[in-house]
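Asks: Fold the following and give me the result.
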Amino acid sequence: MAEFPLISIITINFNSLQVTCEFLESTKKLTYRNFEIILVDNASKENPTEVITSRFPEVKLLLNDTNLGFAGGNNSGMAIAKGDYFLIINNDTEVTENLLERLLEPFKDNSVGVVSPKIKYFFHPDIIQYAGFTEINPITGRNKTIGDKEKDQGQHDAPYYTSYAHGAAMFLKKDVVEKTGMFAEVFFLYYEELDWSARIQRAGYRIYYQPEAVIYHKESMSTGKNSTLKTYYLTRNRILFLRRNIQGFSKFIWPFFFILISVPKQLTSFFFKGEMDHLKAFWKALKWNIQHQKNGDKVSIFNNIQ
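Replies: You can find the predicted model right below:
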């Protein structure tokens, strides 16, 4: 590894220019200086060109004609990145001074492909959001975020190999991207980093949680009322993740669990809560998976994408 390799910092703006500017302002305090910043605008209502070029002339601005989502937006940024390493990071975060140095350290181990930092809540800076992920259950399609909403008392200060990187901040080798490809754009929103993490690990790399690297995320600690968009994509992509990544005997079991337990439970819950719009979104997500198989045929959900 070169002593000071070029790092490409890639972030997306979508109708949140002020927040994006706050993120870009925070990068000015980074002590590691060999980096480029690529800002991808996903067809925001307000064209950010004038603001970005006047306030942050060093930033490379890429304007997409349509909203390509989290996956597609980041892919378009990676496609023009020149760095040896890519930092894919949310625009609603702020960085700490030694972030890049600390993210580079684990790559002394050649088996490491991706590193994610400790993520803390910006508005509650003593509270952890992410300190690694547990493995997704191959039957239920669910997992847990380690450390979420815990007060940081040093209990997650030991680095370790984790199951998945966090989409808010993924630091990876360019070589990994060249070997495994980019985000699967079919996900659009949610589960895309989990799917990519699984694919990266199948390619022989490991994913590392680095607690000495810290960012602050402006996401609320309270999930609040789910939108129908969130219900749709979480449901659709939970199933899609299982179809794409679960192997062995479990790939024959999880559809039965989903159809016999998860679907009736969710539909009943939405119905009795009077959340008919969420019920429709949930059903639409099921229908999408039935209709969208690998070859495009309308065949059974039991068929797996290879």
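
Asks: Apart from its neighbours in sequence, what residue is nearest the residue nearest the centre of the chain?
Replies: By C-alpha atoms, centre = their mean, the chain has its centre lying nearest to Gly167, at 2.2 Å. Setting aside the residues directly before and after it, Gly167 is nearest to Glu193 in space (C-beta to C-beta, 6 or more residues apart in numbering), at 3.6 Å. Using the backbone N, CA and C atoms, a C-beta is placed for each residue, glycine as well.

Asks: tell me which element that neighbour falls in.
Replies: helix 192-202 (DSSP states H and E).

Asks: residues in contact with that helix?
Replies: The contact list for helix 192-202 (C-beta atoms under 8 Å, 6 or more residues apart in numbering) reads 70-71, 113-114, 133, 136, 163-167, 170, 172, 176, 180-184, 187, 207, 237, 240-241, 244-245.

Asks: Buried residues, it. List them.
Replies: Residues of helix 192-202 classed as buried: Glu192, Glu193, Leu194, Asp195, Trp196, Ser197, Ala198, Arg199, Ile200, Gln201 (neighbour count, 16 or more other C-beta atoms under 10 Å).

Asks: For stretch 193-212, measure first residue to last.
Replies: This stretch, stretch 193-212, spans 22 Å end to end (C-alpha to C-alpha, to the nearest Å).

Asks: from the middle of its chain, how far away would it be?
Replies: The chain centre lies 12 Å from the centre of stretch 193-212; the measure is C-alpha atoms, centre = their mean, to the nearest Å.

Asks: same check, this time on stretch 80-94
Replies: Centre-to-centre, stretch 80-94 and its host chain are 12 Å apart (C-alpha atoms, centre = their mean).

Asks: What's the first helix or strand after the helix holding Glu193?
Replies: strand 206-217.

Asks: Can you work out which other helices and strands pack against that following strand?
Replies: Strand 206-217 sits against strand 93-95, helix 99-104, strand 112-121, strand 160-162, helix 192-202, with contacts defined as 3 or more C-beta pairs under 8 Å, 6 or more residues apart in numbering; DSSP states H and E.

Asks: and the angle from it to strand 112-121?
Replies: Strand 206-217 runs at 30 degrees relative to strand 112-121, counting by axes from the mean of the first three to the mean of the last three C-alpha atoms, to 10 degrees.

Asks: Okay, now the sheet partners of strand 206-217, with direction.
Replies: Strand pairing for strand 206-217, determined by DSSP bridges: strand 93-95 (antiparallel), strand 112-121 (parallel), strand 160-162 (antiparallel).

Asks: could you give the mean pLDDT of the second one?
Replies: Okay, so that is strand 112-121. Averaged over strand 112-121, pLDDT sits at 98.

Asks: Quick check: next helix or strand after that strand?
Replies: Downstream of strand 112-121, the first helix or strand assigned by DSSP H and E is strand 124-130.

Asks: Mind listing what's buried along that following strand?
Replies: The neighbour-count check on strand 124-130 (16+ other C-beta under 10 Å) flags Ile127, Ile128, Gln129, Tyr130 as buried.

Asks: Repeat that for stretch 69-79.
Replies: Gly69, Phe70, Ala71, Gly72, Gly73, Asn74, Asn75, Ser76, Gly77, Met78.

Asks: Mark which of those are part of helices, please.
Replies: Gly69, Phe70, Ala71, Gly72, Gly73, Asn74, Asn75, Ser76, Gly77, Met78 (DSSP state H).

Asks: which of the residues you listed lies closest to Ala43?
Replies: Closest approach between these and Ala43, by C-beta to C-beta: Gly73, at 9.5 Å.

Asks: Double-check the closest one against Ile38; I have them as touching.
Replies: No. With contacts counted by C-beta atoms under 8 Å, Gly73 stays clear of Ile38, the gap being 10.5 Å.

Asks: buried ones in the longest helix belonging to the chain?
Replies: Assignment by DSSP H gives helix 228-245 as the longest helix of the chain. Neighbour counts over helix 228-245 (16+ other C-beta under 10 Å) mark 231-245 as buried.

Asks: Of these, which is the nearest to Thr145?
Replies: Among the buried residues of helix 228-245, and counting by C-beta to C-beta, the member closest to Thr145 is Leu234, at 14.3 Å.
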